[in-house]
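mind looking at a prediction? Sequence and model below.
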Amino acid sequence: MPSRRSLLLGAAGLMASGCRASAQPDTAVPPLKSIAPYRVGTCAMTGQLDDPAWTRLALEHYNQITPEWEMKMEYILTPDGYRFDAPDRIADWCEAHGMALHGTTLVWYSQGEEAFRGLSPVDYRQQFDRYIAAVAGRYAGKVRGWDVINEAVAEDGNGLRQHHWAQNLGELDHMVRAFEQAKLADPDAVLFINDYNLENNPKKGATFLKLVERLLNAGAPVGGIGTQSHLDIEIPEGQISAFIHEAAQFGLPLHISELDASRRREGGPPDVRSVSFRTTQQFDRIAELTTAYSRLPEHKRYGLTLWGVRDTDSWLRRPPHDDGKDSPLAFDAFERPTAVARALAESWT
Ligand code: 9MR
């Protein structure tokens, strides 16, 4: 009798036996939100709200939305003032469909530099506060939480990133200030610090958790820890669960905030691993993450968000990453569940 795992692997198992997965009937998964013991989210852009296939899948499987980019400074802050049409539309859509909303991101090292260039120190500080007050205030009562600070840790995990917010307002102080302003604007939202490669790179994970500690010691109202979880499927077994365990020591809610897992290896020598091997690696790492996360006490589980609905919606299927074949998300271009969906389903049932 086949094991539950081999049934759930479905397409990967078929590929291993030489069949083309796309020619085979899929292994169905129940609506993910009906089996997840916490909120399960996806990201959205306004264009997708008009796509019936996208909305059907989103409404069937997810119960929380993070705007993919239209709630960021790059969209809201224009030379003519703040622009709220797109984020308002997403917020209204969430309300109309009983979806929770998670906001990302108030302060990101990669944004705002041009708009803030040339301001006097006093104006710079005022505009920083004003932006957070306006944006977090507008969605107060509508969002469950905010990524207040995104991607503060240096790429290699060696200290913090250098950028205009840090230069003008202080390396740690700009973060403390952002959390304080967000708290004033929306006292009920869970305020997150969010970053990536925390499981993939243990050094970066450790620097990030040290930063959480420093912020809490400085009195910043950090209310949650976000790990983006763009997983590297080649990391050793145990590394993901070790990070989740470490992060949970603070007692704060954790958000798996942008989950996906590329089957590609970027750079290096040609990748000769078979698709079935990579799919099994992907299945195992996702299952490790969700199993470790599901074991946390309820108050530490804010939810798990996938960074897109179908593979073709993923940032990993856009230049410069796209090879036309990657399957980092829970549904493929034909809306069929992938190994990612089956890994989630297995750890939730
Ligand atoms: O997927 C997002 C893409 O559509 C945006 O153009 C980009 C810039 O806003 O951000 C992408 O999402 C990123 C997220 O906000 C932070 N972690 C990495 C994500 C992928 O680049």
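Nice, I can see it. All figures in this text were calculated on a predicted structure; none of them were measured in a lab. Residues are numbered from 1 along each chain as shown.

for residue 73, give its distance to the ligand.
9 Å (C-beta to the nearest ligand atom, to the nearest Å). (Each C-beta comes from the backbone N, C-alpha and C, glycine too.)

give me the neighbour count for that residue.
Per other C-beta atoms under 10 Å, the neighbour tally for residue 73 reads 19.

may I have the residues that are in contact with it?
106, 108, 111-112, 115, 131 (C-beta atoms under 8 Å, 6 or more residues apart in numbering).

what kind of secondary structure is the residue nearest in space to the middle of the chain in?
The centroid of the chain falls nearest to residue 258 when counting by C-alpha atoms, centre = their mean (1.7 Å). At residue 258 the chain is in strand, as set by DSSP: H, G, I helix; E, B strand; the rest coil.

spell out which parts of the stretch 1-150 of the chain neighbour the ligand.
68-69, 72, 74, 104 (C-beta under 6 Å from any ligand atom).

narrow the residues you listed to those in helices?
Within these, residues falling in helices by DSSP state H are residue 74.

quick one: which of the residues of the stretch 1-150 of the chain next to the ligand has the most company?
Result: residue 104 is most packed of those (other C-beta under 10 Å), 25 neighbours.

quick one: low-confidence parts of this protein?
1-26 (pLDDT under 70).

for residue 235, give me its contacts.
With C-beta under 8 Å, 6+ apart, residue 235 has these contacts: 199-200, 285.

6 Å instead, please
By C-beta atoms under 6 Å, 6 or more residues apart in numbering, residue 235 lies in contact with residue 200.

which one is whichever residue of the stretch 51-200 of the chain sits closest to the ligand nearest to, not counting chain neighbours?
Here the residue of the stretch 51-200 of the chain nearest the ligand is residue 69; by C-beta to the nearest ligand atom that distance is 3.9 Å. Spatially, and ignoring its direct neighbours in sequence, residue 69 is nearest to residue 75 (6.2 Å; C-beta to C-beta, 6 or more residues apart in numbering).

picking up where we left off before, among the residues of the stretch 1-150 of the chain next to the ligand, which are in strands?
Among these, the members falling in strands (DSSP state E) are residue 104.

with just CA atoms, put stretch 307-320 into CSV.
Extracted C-alpha coordinates of stretch 307-320, given in CSV (Å, rounded to 0.1, in the frame of the first residue of the first chain):
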residue,chain,number,x,y,z
TRP,A,307,4.1,34.8,-1.8
GLY,A,308,1.5,34.3,-4.6
VAL,A,309,-1.3,32.0,-5.6
ARG,A,310,-0.1,30.3,-8.9
ASP,A,311,3.5,29.6,-9.9
THR,A,312,3.0,32.0,-12.7
ASP,A,313,2.1,34.8,-10.2
SER,A,314,5.4,34.4,-8.4
TRP,A,315,8.2,37.0,-8.5
LEU,A,316,10.4,33.9,-9.2
ARG,A,317,8.7,33.5,-12.5
ARG,A,318,9.6,37.1,-13.6
PRO,A,319,13.0,38.3,-15.0
PRO,A,320,15.8,37.8,-14.1
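
so the closest residue to residue 38 other than its chain neighbours versus the ligand, what's the distance?
Counting by C-beta to C-beta, 6+ apart, residue 38 lies nearest to residue 301, which is 4.3 Å off, once chain neighbours are set aside. Using C-beta to the nearest ligand atom, one obtains 21 Å as the distance from residue 301 to the ligand.

now swap in residue 299 and tell me
25 Å.

how close does that residue get to residue 179?
Using C-beta to C-beta, to the nearest Å, we find residue 299 at a distance of 20 Å from residue 179.

looking at those two, which one has more neighbours?
Taking other C-beta under 10 Å, residue 299 and residue 179 do not tie; residue 179 has more neighbours (27 against 9).

dump the residue contacts of that one.
Contacts of residue 179 (C-beta under 6 Å, 6+ apart): 148, 191, 220-222.

which of those residues fall in strands?
Those of these lying in strands (DSSP E): 148, 191.

may I ask which of the contacts of residue 179 has the most neighbours?
residue 148 leads the contacts of residue 179 on contacts (other C-beta under 10 Å) with 32 neighbours.

surely that one and residue 191 touch.
Yes. Contact criterion C-beta atoms under 6 Å: residue 148 and residue 191 qualify, at 4.9 Å.

what is in contact with the two at once?
If you check residue 148 and residue 191 against C-beta under 6 Å, 6+ apart, the residues they both contact are 179, 182.

what about the contacts of residue 73, which one has the most neighbours?
residue 106 (27 neighbours).

which residues touch that residue?
132, 146, 148.

10 Å instead?
71-73, 76, 128, 131-132, 135-136, 146-150, 178-179, 181-182, 185, 191-192 (C-beta atoms under 10 Å, 6 or more residues apart in numbering).

show me which of these are buried.
Buried members of these, counted by 16 or more other C-beta atoms under 10 Å: 71-73, 76, 128, 131-132, 135-136, 146-150, 178-179, 181-182, 185, 191-192.

mind listing what the residue of the stretch 51-200 of the chain closest to the ligand touches?
For residue 69, the contacting residues are 43-45, 75, 86-87, 104-105, 315, by C-beta under 10 Å, 6+ apart.

which pair in those residues spans the largest distance?
Spatial extent of the contacts of residue 69 (C-beta to C-beta) is set by the pair 87 and 315 at 18.7 Å.
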